[in-house]
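Enquirer: Based on what follows, work out the 3D shape:
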Amino acid sequence: MSHLLRIELPDVPGSLGSVASAIGLAGGNIDAIEIVEHRADGTAIDDVFVELTGTVMPDMVVSAVQKLEGVHVLWVSRYAAGGNLHLDLEAMEMITEDPANAVEQLTALVPRTFRSDWAMVAELRGPTLHCVASTDSAPDLPDEVRAWLPIKDAHRPKAGRWPGWADSEVAAAPLGWGERMVVFGRHGGPEILDSELARLGYFAALTASIEAAAAASAEDEVVHAV
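Expert: Residues are numbered from 1 along each chain as shown. Below you'll find the predicted structure:
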């Protein structure tokens, strides 16, 4: 079974190697490592995808890693996708290749790119809130979500959780205009970092641009055909 460990460690040469060695000695095999954030306080946040073999339990790996000086495991959970990482540029390339379905592509890619449990796009049409696209595991769209619309920039609730989705860490970003947004959630955690908010905002803005360009191109084709 694969697990995701979100680890805080000193942002100095050798730290990641020490973490990898500790995981190996504890009986875990590293599938992939992704640097999530470099912090001004001299620490870094890394996501480490580990395959546990035999009788090795997650707490054995966590204990081994946290014995290292300055290293803390912020979160550990099962992760069925293992080390199948979708880097930002690869995700955006997939959206660019299918511009007519840019919103649907974004919704499908967000969980894998941001290690979230679900994603959706919500749109306010007059007084009514609609779910434009969602992943299979996405929860229902509660009325409380209307409080975030119109939305101007990527952000998360101050308390980390959102009424109506109280079991999830939630973040949202505007998708082209203030009455439409992309949202993702993580059941229970880990908390959403500032760097992830910035990435989500970038993804949403670029997706909206790709969608608009595709619509304009389609309109030109119709005009020329006439």
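Enquirer: Please make it C-alpha for all contacts and neighbour counts, starting now.
Expert: Will do.
Enquirer: my guess is A205 contacts W177, does it?
Expert: No - under the contact definition of Cα atoms under 8 Å, A205 does not touch W177, with a separation of 9.5 Å.
Enquirer: where do the strands sit along the chain?
Expert: Listed from the start of the chain, the chain has strands (DSSP state E) covering 2-10, 28-38, 43-52, 72-78, 118-125, 128-134, 161-162, 165-174, 180-187.
Enquirer: Only C-alpha atoms, please: export the first one in PDB.
Expert: Think strand 2-10. Included here for strand 2-10 are C-alpha records, laid out as PDB according to Å, rounded to 0.1, in the frame of the first residue of the first chain:
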ATOM      1  CA  SER A   2       1.300   3.400  -1.000                       C
ATOM      2  CA  HIS A   3       1.200   6.300   1.500                       C
ATOM      3  CA  LEU A   4       1.800  10.100   1.200                       C
ATOM      4  CA  LEU A   5       3.900  11.700   3.800                       C
ATOM      5  CA  ARG A   6       4.100  15.500   3.900                       C
ATOM      6  CA  ILE A   7       7.300  16.400   5.600                       C
ATOM      7  CA  GLU A   8       8.800  19.600   7.000                       C
ATOM      8  CA  LEU A   9      12.600  19.500   6.900                       C
ATOM      9  CA  PRO A  10      15.600  21.900   7.000                       C
END
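Enquirer: For that strand, which strands pair with it and how are they oriented?
Expert: Here the strand partners of strand 2-10, with direction, are listed using DSSP bridges: strand 43-52 (antiparallel), strand 72-78 (antiparallel).
Enquirer: Can you say which of those is nearest to D194?
Expert: Between D194 and those, the tightest spacing by Cα to Cα is seen for strand 43-52, at 11.5 Å.
Enquirer: Contacts made by stretch 42-58 with the rest, please.
Expert: With Cα atoms under 8 Å, 6 or more residues apart in numbering as the contact definition, stretch 42-58 has outside contacts at 1-12, 26-39, 76, 79, 82-83.
Enquirer: Could I get the average pLDDT for it?
Expert: Stretch 42-58 shows a mean pLDDT of 90 in the predicted model.
Enquirer: now the angle from the lengthiest helix in the chain to strand 180-187?
Expert: In terms of residue count, the longest helix belonging to the chain (DSSP state H) is helix 194-225. Orientation note: helix 194-225 sits at an angle of 140 degrees relative to strand 180-187 (axes from the mean of the first three to the mean of the last three Cα atoms, to 10 degrees).
Enquirer: gap between the lowest-mean-pLDDT helix or strand in the chain and the chain center?
Expert: Each helix and strand of the chain was given a mean pLDDT (mean pLDDT, DSSP states H and E); the minimum falls on strand 161-162 at a mean of 76. Here the centre of strand 161-162 is set off from its chain's centre by 16 Å, with Cα atoms, centre = their mean, to the nearest Å.
Enquirer: per-domain residue ranges of the protein.
Expert: 2-78, 88-225 (automatic domain parsing).
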